[in-house]
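[1] Next comes the sequence, and after it the predicted model I'd like to discuss.
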Amino acid sequence: MALLTLQNAQLAFGLAPLLNGADFAIESRERIGLIGRNGAGKSSLLKILAGTHSLDDGAIARQSGLRVSTVPQEPVFAGDATVFEAVSGGLQRVLDLRKAYDDEAVGNADAHVMADLQHEIDVLDGWTWESRVDATLSQLSLDPTIKVATLSGGLKKRVAIAQALVATPDILLLDEPTNHLDLAAIAWLEDLLKNFKGSAVIISHDRAFLDNVVTRIVELDRGKLRDYVGNYAAYETQKAAQLEFEATVNAKFDKFLAQEEVWIRKGVEARRTRNEGRVLRLEKLRDSRAQRRDVLGRVKLEITSGEKSGKIIAELTDVNKSFGSKTIVRDFTGTILRGDKVGLVGSNGIGKTTLLKLILGQLQPDSGKIRTGTNLQIAYFDQMRDALDEEATLGEFISPGSDWIEVGTKRTHVMTYLTDFLFTPERANAQVKMLSGGERNRLLLARHFAKEANVLVLDEPTNDLDIDTLELLEDKLANYDGTVFIVSHDRRFLDNVVTSCLVAEGDGLWREYEGGITDWQAQAKVMATMTSMGSNDDAEPLARGRERGRGEGAGATNQPSLIATPSPLTTPPNKTKLSFKEQRELDGLPSKIEALEKEQADLNALLADGKIFQSDAKRAAEASKRIGEIEELVLVAMERWEDLAAK
């Protein structure tokens with residue numbers, strides 16, 4: 001039997017319904033990932049499940065005695081509360097009952113009242129609530145005496161999780177739980193949820209987290225809740241098939257409706273003899289088409305790189321930086337070149353922002369040398385959104401004092417520009433304070449990417465973004481001509497964007513690794529294996545940083561390669577020389593792949609608006625088939641390129 005069930009749920013704010021006849025059920029021991037576009041209503045649905053908000057219509061059924069706890073996206077605690085006091089707040093009902101019982105006991109005790117209170121406290125296991133709080137704090141490694149206000153964002157999130165868990169809920173609701181958590185804390189949270197004995201509903205944009213934790217994905221899409229069994233990777237496969245089927249069905253429906261519209265507009269003679277039943281059917285078809293809510297478009301995100309910076313962005317030699325007795329950076333040497341995409345990885349408070357300011361010349365080192373590049377145009381994406389003017393309208397925030405905005409060499413009306421970021425003209429006149437967290441992030445993207453910049457600094461850019469926008473941002477950053485610095489704990493995002501990672505390894509030591517998070521972890525594992533085998537001489541080159549001597553002018557340096565000396569475990573196989581025919585084939589493969597991808601893009605553009613399904617169904621079918629063929633051809637060409645390059 002389901003713990004909680006929604007039937008024909010209706011909920012609306014503004015023009016479009018957030019829930020439109022939605023059905024949903026939570027079974028025992030389920031871990032559900034709730035995903036959907038920003039503003040789709042995910043947080044509102046979580047509040048309905050928690051019982052703090054009501055449906056406009058429909059039914060919600062809960063098992064008797066069901067306990068539900070929520071971990072909000074931005075937890076709020078009393079300013080002077082200790083960790084123990086904050087976590088005890090999760091047992092507020094128990095605390096109120098105990099106080100009432102104690103007050104009754106010292107006054108004119110009523111036997112019936114005392115019995116009722118005692119029974120309810122027994123049911124909630126409220127006589128030993130202090131030990132439950134202590135046990136939870138111990139499980140989550142939290143000091144009960146520390147003031148919550150002094151904690152970092154990650155530790156505050158851990159306190160909020162403890163507050164929810166202490167009530168031993170049957171259903172745990174989490175809204176973006178990985179925001180502000182570092183990689184170690186995210187791994188801890190994954191283990192905690194996998195061992196949690198109740199059910200969980202999790203709103204998250206972190207695809208790696210969803211892959212590792214959830215057993216079912218529920219997507220809130222155009223007012224409906226759709227189920228996909230499995231983790232996020234399984235959802236991606238099922239969703240692609242569903243969208244293809246939906247597009248085919250809609251195209252057939254639209255074609256049939258167009259035929260009926262043609263018939264109803266026939267000449268006078270035909271109208272005199274037409275079948276009234278057919279007229280009624282046409283009216284129903286029109287209603288169905290009007291009620292259909294098509295898939296929302298994707299954000300039209302363009303990044304303007306401005307003028308090129310100098311070849312070298314920054315060159316650091318034996319740099320040291322401390323604050324008091326705490327060493328933030330110790331003997332760091334490295335070079336950042338134009339076009340690098342660097343991820344900064346480390347626990348909260350380790351000094352990622354300090355290192356970034358040193359690299360960009362905004363902070364002076366205690367010792368060592370920093371040479372900053374020329375013509376740097378830097379744009380910051382602020383994690384805490386300090387740049388947002390809460391009282392301004394969206395249009396005023398994007399383009400103060402003007403209805404037009406310059407994006408590169410193109411002049412665009414601010415309403416059109418906001419539409420590209422999925423803000424309707426009606427929303428453009430709303431105040432910033434009315435936006436959800438994800439919409440605020442999208443608005444900041446719109447503002448920053450309207451500026452010309454050849455260096456982007458993105459501080460936790462993935463927080464609150466929906467996954468569609470996140471994937472588009474990945475694509476644009478990967479193809480961005482300028483230099484990118486990213487502070488993030490989103491493993492999939494870093495893997496898909498960065499070319500190297502600067503990793504904090506404690507006591508001010510920073511090491512640079514080629515590739516993303518997965519590559520760093522693999523290289524670190526090799527280093528650990530070598531160290532455990534006593535191969536310190538072989539392991540040392542792995543820890544020095546990547547090769548920077550790229551042979552590109554006088555500015556290039558010749559620092560040791562990341563894997564400068566092959567160890568016995570990593571000796572590469574002997575390479576053979578390519579034949580003349582193979583060399584010609586290898587040289588021609590990039591242009592062949594590019595031509596195939598261009599053809600595929602042209603075909604996708606042809607099918608994008610669906611009109612061709614009405615005007616030339618045969619050509620549409622051929623184009624769809626060709627798109628699939630091109631995917632296979634590109635895959636084969638890329639595999640061949642890898643084989644030849646490996647030789």
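    Noted; the coordinates are in hand. Residues are numbered from 1 along each chain as shown.

[2] start to end distance for stretch 453-470?
    With Cα to Cα, to the nearest Å as the measure, stretch 453-470 spans 20 Å from end to end.

[3] For the stretch 501-647 of the chain, give me the ranges with low pLDDT.
    Where the stretch 501-647 of the chain drops to pLDDT under 70, the residues are 530-577, 608-611, 613-614.

[4] what about the strands in it?
    510-514 (DSSP state E, counting those that start in this stretch).

[5] ok, the residue nearest the centre of the chain - contacts?
    Among the residues of the chain, the one closest to the centroid is H205, at 3.4 Å (Cα atoms, centre = their mean). Residues counted as contacts of H205 (Cβ atoms under 8 Å, 6 or more residues apart in numbering) are 35, 176, 462-467, 470, 490. The way it works is simple: take the backbone N, C-alpha and C, and place the C-beta from them, glycine included.

[6] Looking at pLDDT only, which of the residues you listed scores worst?
    pLDDT across those is at its lowest for D464, which sits at 73.

[7] so that one sits in a helix?
    No: the assignment for D464 is coil, going by DSSP: H, G, I helix; E, B strand; the rest coil, so no helix is present there.

[8] Contact partners for it?
    Counting by Cβ under 8 Å, 6+ apart, D464 makes contact with 38, 73, 176, 179, 205, 436-438, 440-441.

[9] and those residues, which of them are in helices?
    Counting by DSSP state H, the contacts of D464 place 437-438, 440-441 in helices.

[10] which among those residues gets closest to I328?
    The closest of those to I328 turns out to be N441 (Cβ to Cβ; 28.0 Å).

[11] hang on, isn't the closest one packed against N463?
    Yes: look at N441 against N463 with Cβ atoms under 8 Å: they come within range, at 6.5 Å.

[12] Throw the contacts of H205 into a markdown table and include distance to I630, thanks.
    Converted to a markdown table, those look like this (distance: Cβ to Cβ, whole Å):
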| residue | distance to I630 |
| --- | --- |
| I35 | 29 |
| E176 | 37 |
| T462 | 30 |
| N463 | 36 |
| D464 | 35 |
| L465 | 30 |
| D466 | 28 |
| I467 | 25 |
| L470 | 26 |
| D490 | 30 |
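
[13] sec struct for E390, please.
    Recorded secondary structure, E390: coil (three-state DSSP).

[14] how close does it get to A160?
    According to Cβ to Cβ, to the nearest Å, E390 and A160 sit 24 Å apart.

[15] For those two, indicate the residue with more neighbours.
    Between E390 and A160, A160 has the larger neighbour count (other Cβ atoms under 10 Å), namely 26 against 12.

[16] If you count neighbours, what's buried in stretch 73-86?
    By 16 or more other Cβ atoms under 10 Å, the buried positions in stretch 73-86 come out as 73, 75, 77, 81-84, 86.

[17] Turn those into TSV, columns for distance to F323, pLDDT and secondary structure.
    As requested, the buried residues of stretch 73-86 are exported to TSV (distance: Cβ to Cβ, whole Å; pLDDT from 0 to 100; DSSP: H, G, I helix; E, B strand; the rest coil):
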residue	distance to F323	pLDDT	secondary structure
Q73	30	84	coil
P75	28	86	coil
F77	27	88	coil
A81	28	91	coil
T82	26	93	strand
V83	25	93	helix
F84	30	93	helix
A86	28	92	helix
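
[18] right, and out of those residues, which lies closest to R427?
    Nearest to R427 out of the buried residues of stretch 73-86 is Q73 (Cβ to Cβ; 20.8 Å).

[19] Break down the stretch 1-150 of the chain into its strands, ranges please.
    Going by DSSP E, counting those that start in this stretch, the stretch 1-150 of the chain shows strands at 4-12, 17-26, 31-36, 57-62, 68-71.

[20] most tightly surrounded among those strands?
    strand 31-36 (a mean of 24; mean count of other Cβ atoms under 10 Å).

[21] what helices or strands is that strand leaning on?
    Counting contacts by 3 or more Cβ pairs under 8 Å, 6 or more residues apart in numbering; DSSP states H and E, strand 31-36 packs against helix 42-50, strand 199-203, helix 207-213, strand 216-221, helix 232-264.

[22] which stretches of the protein aren't confidently modelled?
    Regions of the chain meeting the criterion pLDDT under 70 cover residues 14-16, 107-109, 246, 249-250, 253-307, 382-387, 407-409, 530-577, 608-611, 613-614.

[23] again, only using 50
    Scanning the chain for pLDDT under 50 picks out the ranges 267-274, 292-295, 384-385, 538-573.

[24] Can you verify L470 is assigned to a helix?
    Yes: per three-state DSSP, L470 lies within a helix segment.

[25] what residues are up against the residue lying closest to S347 once chain neighbours are set aside?
    Closest residue to S347 apart from its sequence neighbours, by Cβ to Cβ, 6 or more residues apart in numbering: D182 at 4.4 Å. The neighbours of D182, taking Cβ under 8 Å, 6+ apart as the test, are 154, 346-348, 489.

[26] Which members of those residues are the farthest-apart pair?
    That would be G154 and G346, which, of the contacts of D182, are the farthest apart (Cβ to Cβ) at 11.9 Å.

[27] buried ones in stretch 103-116?
    Neighbour-count burial for stretch 103-116 flags E104 (criterion: 16+ other Cβ under 10 Å).

[28] go on, stretch 373-382?
    By neighbour count on 16+ other Cβ under 10 Å, the buried set for stretch 373-382 is 373, 376-381.

[29] can you tell me which of the residues you listed lies nearest to P365?
    Of all the buried residues of stretch 373-382, P365 sits closest to G373, with 16.7 Å by Cβ to Cβ.

[30] Would you confirm that the closest one contacts A314?
    Yes: the pair formed by G373 and A314 meets the contact definition of Cβ under 8 Å, at 6.2 Å.

[31] what about L49, how many neighbours?
    Around L49 there are 21 residues (other Cβ under 10 Å).

[32] Excluding sequence neighbours, find me the nearest residue to it.
    In this structure, L49 finds its nearest non-sequential neighbour in L173, 6.0 Å apart by Cβ to Cβ, 6+ apart.

[33] Tell me if the one you found really is in a helix.
    No: with three-state DSSP as the criterion, L173 is located in strand rather than a helix.

[34] What about it, how many residues nearby?
    Using other Cβ under 10 Å, L173 has 25 neighbouring residues.

[35] Now do the helices in the stretch 251-400 of the chain.
    Assigned by DSSP state H, counting those that start in this stretch, the helices in the stretch 251-400 of the chain fall at 268-273, 276-291, 352-359, 394-398.

[36] nope, the stretch 51-200 of the chain is what I meant
    When assigned using DSSP H, counting those that start in this stretch, the helices of the stretch 51-200 of the chain occupy the ranges 83-88, 92-106, 111-123, 129-139, 153-165, 183-194.

[37] got the contact list for the fourth one?
    Right, the one you point to is helix 129-139. 83-84, 87-88, 91, 94-95, 98, 125, 143-144, 162, 165-166, 168.

[38] In this structure F332 contacts G351, no?
    No: under the criterion of Cβ under 8 Å, F332 makes no contact with G351, lying 10.7 Å away.

[39] Looking at those two, which is more packed in?
    Higher neighbour count among F332 and G351: F332, with 25 against 22, using other Cβ under 10 Å.

[40] show me what contacts the more buried one?
    Residues near F332 by Cβ under 8 Å, 6+ apart: 316, 318-320, 355, 368, 510.

[41] Let's see that with 10 Å instead.
    Shown in contact with F332 (Cβ atoms under 10 Å, 6 or more residues apart in numbering): 316-321, 355, 358-359, 365, 368, 370, 502, 508-512, 545.

[42] and what of I517?
    Taking Cβ under 10 Å, 6+ apart as the contact definition, I517 lies against 183, 208, 343, 345, 488-495, 498, 501, 503.

[43] go on, G373?
    Residues near G373 by Cβ under 10 Å, 6+ apart: 309-315, 336-338, 360-361, 454-455, 483, 555.

[44] From those residues, list just the buried residues.
    Among the contacts of G373, those buried by neighbour count (16+ other Cβ under 10 Å) are 309, 311-315, 336-338, 360, 454-455, 483, 555.
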